[in-house]
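Peer 1: Generate a structure from the sequence data that follows.
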Amino acid sequence: MFKTADALTPNGHLDKASQLNNLGDSLFRRFDQFGDLNDLNHAIWGFEAAVDLTPDGHPDKPSWLSALGCSLLRRFERVGDLNDLNQSELRFEAADALTPHGHPDKPAQLSNFGVSLLSRFERLGHLNDLNQSILKFEAAVDCTSDGHPNKVPLLNSLGNSLLNRFKQLGDLNDLNQSVLRKEAAVDLTPDGHPDKPAQLINFGLSLLSRFERLGHLDDLNQSVLRFEAAVDLTPDGHSEKHSWLNNLGISLLSRFKQLGDLNDLNQSVMRLEAAVALTPDGHPDKPSWLNNLGNALLSRFKQLGDLNDLNQSVMRLEAAVALTPDDHPDKPARLDILGNLLLSRFERLGDLNDLNQSVLRKEAAVDLTPDGYPNKPSWLNNLGVSLLRRFERLGDLNDLNQSVMRFEAAVVLAPDGHSERPFWLRNLGNSLRSRFDRLGNLHDLKQSILRDEAAVDLIPDGHPDKPSWLNVLGVSLLDRFEQLGDLNDLNQSVIRKEAAVALTPDDDWERHLRLDNLGGSLLSRFEQLGDLSDLNQSVMRFQAAVALTPDGHANKPSRLDNLGCSLLSRFQRLGDLNDLSQSILTCEAAVALSPDGHPHKPSLLTNLGNSLFVRFEQLGDLNDLSQSILSQEAAVALTPDGHPDKGGFLNNLGNSLLTRFHRFGDLNDLNQSSILSKEAAVALTPDGHPDKPSRLCNLGNSLLSRFEQFHDIEDSQQLLFCYTSAACSATGPASIRFTAAKSWAKHAELHEPSSVLHAYTIAIELLPELAWLGLSITDRHHHLMTAGQVVRNAASAAIAVNDYQKAVEWLEQGRSIIWGQLLSLRTPVDALRKNHPELANELVSLSTSLETASTQNNSVTSDAIGPQSLQSIAQQSHDLVLKRDHVLQQIRKLPGFKRFLLSKPISELSQAAKMGPVAIINVGEYRCDALILQPTLGDEVIHVPLHFTIHEAETLARSLASIVGTTGRSDRLTGYREGDRSSDEICSSILAELWVKIVQPVLNGIGITDLGRIWWCPTGPLAFLPIHAAGLYSEAQAFGSKLSDFLISSYTPSLTALIQGYHPQSESHTGLQLLAVTQPSAEGQSYIPGTQEELKSIKQYANGKVPILWLDNDMATIENVQKGMKESRWVHFACHGVQSTSPTESALLLAGSSRLTLSNIIKLSLPNADLAFLSACQTATGSQELQDESVHLTAGMLLVGYRGVIGTMWSIMDNDAPQVASDVYAHLLETSPPDPTRAAEGLHLAVQKLQKRKSFLHWVPFVHFGV
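Peer 2: Residues are numbered from 1 along each chain as shown. Reported below is the predicted structural model:
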């Protein structure tokens, strides 16, 4: 009828538009009744024609635009064409614009507009559409009275949009407002109203969402009550009853998951089954109801284990997919859900057909989804998951490659900010990691780490998956370090794993796994850098992991094994036998708990063997050695060829067999086992592997043993190749490479002299790595204990080929290393700042931070600094070093800065002789030489061979120690008896030998003719001998028989320290002031009565010339003293001094029990300092273990800025100190202004006066260091 009317009405007739609109309305209603898409298309044509024929001012135009918008929106919902949705939104917008405020249709127009915006948000995810829809619904609600029949649906629409925005942004206010709006809709709907159930349902949905956000059980219970009420109020046959039953089933399932009440679960299944049963095939919601029923059945299967529930779950999802036409927009989602469920059934039952079907369903989901559809990345990701799982089951590389491709596509398509993006990045990282494990392509590992890092950065700290992701990222970083040896990867591995542990609750079942992994990275870093804090933290983490791992857990053996390895490492570092015993016990427990055939059993056996081997070396019990070899042989036998650990197991077995050869001399151990095992270990270890140098070094040791037996030249060549390769490796611990270089040089001295200098070059270059700047000073000292002799031997080798300049450079580079490092942190950067201020400022900032961090004592715990704080300090040091190295690399690329802060060449070192000759006395293992720099000879080095040996030096040092006391004595020589001839005779003999064998040859070499100055730079055991006092002291000796007849002597720990003292002081407003610290009565020490007399003498000469800041007794606190040092150019300490077995804890004793330790002193920076007088005992006494590091208070004073320091080599007499101080200050203050460089001359004169009246032990200990 309408079509006939339309055909008979001419264009332009006033009723034409109305008839077209009526035609569209009739067709739209018929579409609603029968679902014929052709009716909907014709309806839209009619509405469009009506609108086009209607002018803007026509009163019906807004309603016709709205009708057109509704039909376009319906077609979008049916067909999914985005253009229909956009056109719908435009029509609703036009209708709203043409409808004035107050018009009765205004709320409806606003509502329709809001609906289209909400639909577009649901399709495209643009947040602005959702925000605009809320604004439209709010406006519609505001202009609708409470009694209006549309008020309730408008409140519902507004509530739904607010709920959607909450799901996007997580703003709790939106969720609460949604609940309030829907509650209002319920309250406005009278009981008995046909819409009451619908309002209850909508209210229940918002309550359910709020429960899911906040976890308040009352919201969940209220949602169940609302859904139940809605269902009870709805008669059978109602068109929405199936939908409301579905909602009730979902809420009951949620409550079951919270409370575990099986009745809720059964009721959920019943309600969802009823929803499905009431929904006819072809109904658009039936697949969704089937999906929900499938989930409930799956939950019941997990609870009760009834396989029928699992199968029914799959059947329901399959039915959902079958009922959904291919062109339906939800078909891909249902295929994807079915694929996930099939994957779950595969995980439960292991049926490969389920896994294959999972892949097929997910492939179909992806294929049916057009690019640009919001959920396509999700479907791609889920397909990647199933493909990766099939690869793990079948090993088909194509599945792995396809999984990588699908994950990559998901990530590419995912918009920034998408909530699932971190998970897709994580899955991509997993698949790339799997491909690296399979193919060994480092590019895959690098890309995996990049994706994992991006995922971790995107996921918030509170997310439950974040700890797991951090842990896996840490594992991958450790793997990359083991492949490439990049220390930054190792540091980052520790950081990520620490974060994983910190974010894991104490009761989380995976905490023990993450603690164990963190312990592994800390132990690896200790093995690389030797930081004791890392080792202690590693032991603590492994102990915690063992404690948290229940007995019977599959990983308990590996947890015990890791703890055993860390305890063994700590024993090897600290020597505590309890650690070794505990290591063996835990390793034995690990082996006992590991079943035969377990893939980790060989590793557990070899680690037990290692601990037993170490105990044999320590205690000599042959049973330990035998058991060690048995364990290691079993480990090798159980490990298949091609296994990555086989090389390490062979290496360990070879070490034990070599030891047994050395013990019993069985050549079979040497030839058939040790050498073959180690050759296999090296052959099985790829180049670049961090363990390669260690295994090469061990093979070299075996070949050396065989060479010493048979003198086969081929063994000699092969062992040199092993040592050379190990030393020159770019990866592996510096300590191992240094040891290899040392062994190379030692063997080459006798058998391949042409390579000796190369070997020592490598060794010297490794010293900065051996004492890495990122370690605490205590740890650096530990690593340098064996370095001094190597450096001295290197210099001897250079001297042997007449390369005296190289010898000087090496001695400077290889001695006082830590002082040199600290000086480099304080180097002025004026030239750099002038040309490149940003880099200069960054370097200064990093150096200052690093100096503060690295002078912490990381190996000592206290109440003030807990283990975690110490670990943080250590980590900070590691990071700062890497950043500083990067800045230095940038600086050295700049013109004119190529050698910035690198070791100094002879052209710079020769400046040390600016004010007089400097004599370096090198005590090598095979020779002894003097290398002398002269002011007038430029870079030329005078060489004087000395007929003196290291054994003679050690004998003299022991003799001296026998009469002056051992390191650590803190009293002045109060017990020394005048006229003790035996002590004087010993001392006289020592000074005579030093004169004849060292000093006189040096003086002859430089041709001294007048009284001047000389600086001594002794090495090795000579550092403990008083070269400055060398001479023949019998009464019959004439002038010229002792050093002091010719020269004024000073010492310097290094040439750089002396050069530093020549630099003019920075401009400052700090005037000349002397800080005098007197402390006669330190806790636990004898009283020193002479300190007052000492200060009186100083005041006598300083009166009117130098102001004195005097800190006495209780005023001499660490805080006051350090403040005074910063304000004063000169300092004088009259107090007790102690030398500690821990060198940096040597100290000056102040008020009460406080100690101004060497570690305290070196933290200071005193650019205005000039002179320090340490009138205390043993202030220039070094460490026997660190002879070439000058670890004493006097050297520390030079480091912090004092140009000259007077100290003592051993304890002094109380009545000598005031006299020496008086004479020194009398000489210093003769001139105006006072000149601190006259201190050496003043001490020389003071000691000569004391020498005339006293025996050797009174005057010999006074020494001068610096300028």
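
Peer 1: what residues go with each domain of the chain?
Peer 2: Per the record, the chain has its domains at 1-143, 549-638, 1072-1266, by automatic domain parsing.

Peer 1: Tell me how far the residue nearest to Q1085 when sequence neighbours are not counted lies from S1086.
Peer 2: By the measure of C-beta to C-beta, 6 or more residues apart in numbering, the closest residue to Q1085 outside its immediate chain neighbours is H1136, 4.7 Å from it. Where C-beta positions appear, they are placed from N, C-alpha and C, glycine not excepted. According to C-beta to C-beta, to the nearest Å, H1136 stands 8 Å off from S1086.

Peer 1: Neighbour count: the two, which is higher?
Peer 2: Comparing H1136 with S1086 by other C-beta atoms under 10 Å, the one with more neighbours is H1136, at 27 against 15.

Peer 1: State the pLDDT value of that one.
Peer 2: Here the pLDDT value assigned to H1136 is 85.

Peer 1: same thing with G965?
Peer 2: Reading off the model, G965 has pLDDT 59.

Peer 1: burial of L98, as a residue count?
Peer 2: 19.

Peer 1: tell me the secondary structure for P945?
Peer 2: strand (DSSP: H, G, I helix; E, B strand; the rest coil).

Peer 1: and it, what are its bridge partners?
Peer 2: Taking DSSP bridges as the rule, P945 bridges to D929.

Peer 1: Now for L484: which residues touch it?
Peer 2: 442, 688, 731 (C-beta atoms under 8 Å, 6 or more residues apart in numbering).

Peer 1: out of those residues, which is most surrounded?
Peer 2: T731 (19 neighbours).

Peer 1: any idea how far that residue is from L290?
Peer 2: For T731 relative to L290 (C-beta to C-beta), the value is 58 Å.

Peer 1: Check the contact between the residue nearest to Q1085 and L1149; I expect there is one.
Peer 2: Yes. Using C-beta atoms under 8 Å, H1136 is in contact with L1149, at 4.3 Å.

Peer 1: coming back round to it: how about the domains of the chain in CSV, adding distance to A957?
Peer 2: Converted to CSV, the domains of the chain look like this (distance: least, C-beta to C-beta, whole Å):
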stretch, distance to A957
domain 1-143, 80
domain 549-638, 25
domain 1072-1266, 9
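
Peer 1: So which of those is the most surrounded?
Peer 2: Stretch with highest mean neighbour count among these: domain 1072-1266 (a mean of 21; mean count of other C-beta atoms under 10 Å).

Peer 1: tell me, how many neighbours does W509 end up with?
Peer 2: 11.

Peer 1: sec struct for it, please.
Peer 2: W509 - assigned by three-state DSSP - is coil.

Peer 1: how close does it sit to N555?
Peer 2: For W509 relative to N555 (C-beta to C-beta), the value is 12 Å.

Peer 1: which helices and strands sit right next to the helix or strand where D437 lies?
Peer 2: Using DSSP states H and E, D437 sits within helix 421-439. Applying 3 or more C-beta pairs under 8 Å, 6 or more residues apart in numbering; DSSP states H and E, one finds that helix 421-439 makes contact with helix 376-394, helix 397-413, helix 442-458, helix 466-484.

Peer 1: so how far is that helix off the chain centroid?
Peer 2: Distance of helix 421-439 from its chain centroid, counting by C-alpha atoms, centre = their mean, to the nearest Å, is 22 Å.

Peer 1: what residues does that helix touch?
Peer 2: 377, 381, 384-385, 388, 391-392, 397, 400-401, 403-404, 407-408, 410-411, 414-415, 441-442, 444-445, 447-452, 454-456, 458-459, 465, 469, 472-473, 476.

Peer 1: still on that earlier bit, any chance of the helices and strands packed on helix 421-439 in TSV, plus distance to N83?
Peer 2: Converted to TSV, those look like this (distance: least, C-beta to C-beta, whole Å):
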stretch	distance to N83
helix 376-394	19
helix 397-413	21
helix 442-458	33
helix 466-484	41
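
Peer 1: export these to CSV and tack on distance to A1029 and mean pLDDT?
Peer 2: What follows is these, written out as CSV (distance: least, C-beta to C-beta, whole Å; pLDDT from 0 to 100):
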stretch, distance to A1029, mean pLDDT
helix 376-394, 78, 92
helix 397-413, 76, 93
helix 442-458, 62, 88
helix 466-484, 53, 85
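
Peer 1: Quick one: closest of those helices to M1125.
Peer 2: Smallest distance to M1125 across the helices and strands packed on helix 421-439 (C-beta to C-beta): 43.1 Å, for helix 466-484.

Peer 1: Report the backbone C-alpha coordinates of that closest one in PDB.
Peer 2: Extracted in PDB, the C-alpha atoms of helix 466-484 (Å, rounded to 0.1, in the frame of the first residue of the first chain):
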ATOM      1  CA  LYS A 466      54.700  -8.800  37.000                       C
ATOM      2  CA  PRO A 467      57.000 -10.700  39.300                       C
ATOM      3  CA  SER A 468      56.900 -13.700  37.000                       C
ATOM      4  CA  TRP A 469      57.700 -11.600  33.900                       C
ATOM      5  CA  LEU A 470      60.600  -9.800  35.700                       C
ATOM      6  CA  ASN A 471      62.000 -13.200  36.700                       C
ATOM      7  CA  VAL A 472      61.900 -14.500  33.200                       C
ATOM      8  CA  LEU A 473      63.500 -11.300  31.800                       C
ATOM      9  CA  GLY A 474      66.200 -11.700  34.400                       C
ATOM     10  CA  VAL A 475      66.800 -15.300  33.300                       C
ATOM     11  CA  SER A 476      67.100 -14.200  29.600                       C
ATOM     12  CA  LEU A 477      69.500 -11.500  30.500                       C
ATOM     13  CA  LEU A 478      71.700 -13.900  32.400                       C
ATOM     14  CA  ASP A 479      71.600 -16.300  29.400                       C
ATOM     15  CA  ARG A 480      72.700 -13.400  27.100                       C
ATOM     16  CA  PHE A 481      75.500 -12.500  29.500                       C
ATOM     17  CA  GLU A 482      76.700 -16.200  29.400                       C
ATOM     18  CA  GLN A 483      76.600 -16.000  25.600                       C
ATOM     19  CA  LEU A 484      78.200 -12.500  25.100                       C
END
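
Peer 1: relative to helix 442-458, how tilted is it?
Peer 2: Here the directions of helix 466-484 and helix 442-458 differ by 150 degrees (axes from the mean of the first three to the mean of the last three C-alpha atoms, to 10 degrees).

Peer 1: just checking, next helix/strand downstream of helix 466-484?
Peer 2: Next element after helix 466-484 (DSSP H and E): helix 487-503.

Peer 1: tell me which residues of that following helix are tucked away?
Peer 2: Residues 487-501, 503 are the ones in helix 487-503 that count as buried (16 or more other C-beta atoms under 10 Å).

Peer 1: Name the nearest of those residues relative to V1002.
Peer 2: Once C-beta to C-beta is applied, the member of these that ends up nearest V1002 is L487, at 43.8 Å.

Peer 1: mind checking how far the closest one is from L882?
Peer 2: The value you get for L487 to L882, if C-beta to C-beta is used, is 7 Å.

Peer 1: swap in L1257?
Peer 2: 50 Å.

Peer 1: what helices or strands is the one helix or strand S628 maps to leaning on?
Peer 2: Per DSSP H and E, S628 falls inside helix 622-638. On a contact count with 3+ C-beta pairs under 8 Å, 6+ apart, helix 622-638 meets helix 601-619, helix 646-664.

Peer 1: L894 in helix, strand or coil?
Peer 2: On the basis of three-state DSSP, L894 is classed as coil.

Peer 1: Skipping adjacent residues, who's closest to Q177 in space?
Peer 2: Closest to Q177 by C-beta to C-beta, 6+ apart is L162, at 5.0 Å.
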